[in-house]
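Enquirer: sequence plus predicted model, see below.
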Amino acid sequence: MRVAINHETIYRYQAETNYSIQYLRMCPISGAGQRVLSWKLASPGNLRPWTDGFGNAAHVLVVEGPHREIRIKATGEVELSDVGTPLLADIEPHPPELFLRSTRLTTADERVTRFAGGFKPAVTGNPRKGLDNLVAGIRQNVETKPGPAKPAPTASQVLERKTGGSQEQAHLFISCCRSLGVPARYVSGYLCSDSRDETAVSGHAWAEAWIEGAGWFSYDVANRMSNAKAHVRMAVGLDHLDTSPVRGLRRGAGPDDMEVSVTISDARKLKPQRDQQ
């Protein structure tokens, strides 16, 4: 599958500011299961690339001088493999054990530990099948609600409220995995369809769990997918805060509005149109 992605984020400030700094993770990298054919990141101000501690392609954006708006646009094409491919540890910057570490959003309290414990025999006996059962169990207990909640709830709060989007469900899955001794990490990116129809969506989130002797396998709780071929990986981390596409601060008071638009299209369908230009 070859997809064209157009991702635009716009910050509009109600009060003028003279300094903004944003940390961007809006560039995919080639690896198992995906190959970046082209990618361009456009923004105002000074844009500096770097690689973060998890190996993600990142940028620091600094905008100085009076401004009321920041417009960031990422466009490109990515080719996905025909089969879901697990990631191996020898190409990773950290050992899997790092992803047993808890964070504020993924800490397993008594509620999460008790819930995850019900899947321990299955995960111990057959990790892949057991984790599939965990995905199904979360979906039975947590109703999918599109869009991230603000402020972001903890994994325990997601289980208590019984509702959450892909971000919240991924945090709960990760929390359960870690409580069972299974390394798990958060992944941000895009969900693509085999359909040739254009689809407008916002970003997507899922999790990856480490299975000893096999590698990292993806688990998309919101869509009940296991190691599917339909994901474009952008960034990985301990939780959402490590992978947020745009995160930063500014000088000046007053609220702001953020508008996000993501369009995913079949690149093969767009190619004839480009050739005519």
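Expert: Noted; the coordinates are in hand.
Enquirer: residue 163 against residue 143, yeah?
Expert: Yes - between residue 163 and residue 143 a contact is recorded at 4.8 Å, counting by CB atoms under 8 Å. Where C-beta positions appear, they are placed from N, C-alpha and C, glycine not excepted.
Enquirer: so for those two, which residue has more residues nearby?
Expert: When residue 163 is set against residue 143 and neighbours are counted by other CB atoms under 10 Å, the residue ahead is residue 163, at 15 against 11.
Enquirer: need the per-residue pLDDT for the more buried one.
Expert: On pLDDT, residue 163 comes in at 94.
Enquirer: then residue 82?
Expert: 67.
Enquirer: quick one: the strands in the stretch 101-250 of the chain?
Expert: Using DSSP state E, counting those that start in this stretch, the strands of the stretch 101-250 of the chain run over residues 143-144, 163-164, 184-191, 199-201, 204-211, 215-220, 225-226, 231-237, 246-250.
Enquirer: turn those into a markdown table, columns for distance to residue 20.
Expert: Below are those laid out as a markdown table (distance: least, CB to CB, whole Å):
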| stretch | distance to residue 20 |
| --- | --- |
| strand 143-144 | 33 |
| strand 163-164 | 30 |
| strand 184-191 | 21 |
| strand 199-201 | 26 |
| strand 204-211 | 25 |
| strand 215-220 | 33 |
| strand 225-226 | 36 |
| strand 231-237 | 21 |
| strand 246-250 | 4 |
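Enquirer: could you pull up the residues touching residue 181?
Expert: Applying CB atoms under 8 Å, 6 or more residues apart in numbering, one finds that residue 181 lies in contact with residue 100.
Enquirer: try it again with 10 Å
Expert: 100, 120, 123-124 (CB atoms under 10 Å, 6 or more residues apart in numbering).
Enquirer: which one of those residues is nearest to residue 257?
Expert: Minimum distance to residue 257 across the contacts of residue 181 is 38.1 Å, recorded for residue 100 (CB to CB).
Enquirer: any low-confidence regions in this structure?
Expert: Low-confidence segments of the chain (pLDDT under 70): 82-91, 193-202, 253-255, 269-277.
Enquirer: grab the most central residue of it for me.
Expert: Against the mean C-alpha coordinate of the chain, by CA atoms, centre = their mean, the closest residue is residue 188 at 0.9 Å.
Enquirer: which residues touch that residue?
Expert: 25-26, 56, 166-167, 170, 203-206, 232-237, 240, 242-245.
Enquirer: try residue 11
Expert: Contacts for residue 11 (CB under 10 Å, 6+ apart) come out as 17, 20, 22, 63, 67-72, 246, 248, 250, 256-259.
Enquirer: which among these end up buried?
Expert: Among the contacts of residue 11, those scoring as buried are 17, 20, 22, 63, 67, 70, 72, 246, 248, 250, 256 (criterion: 16 or more other CB atoms under 10 Å).
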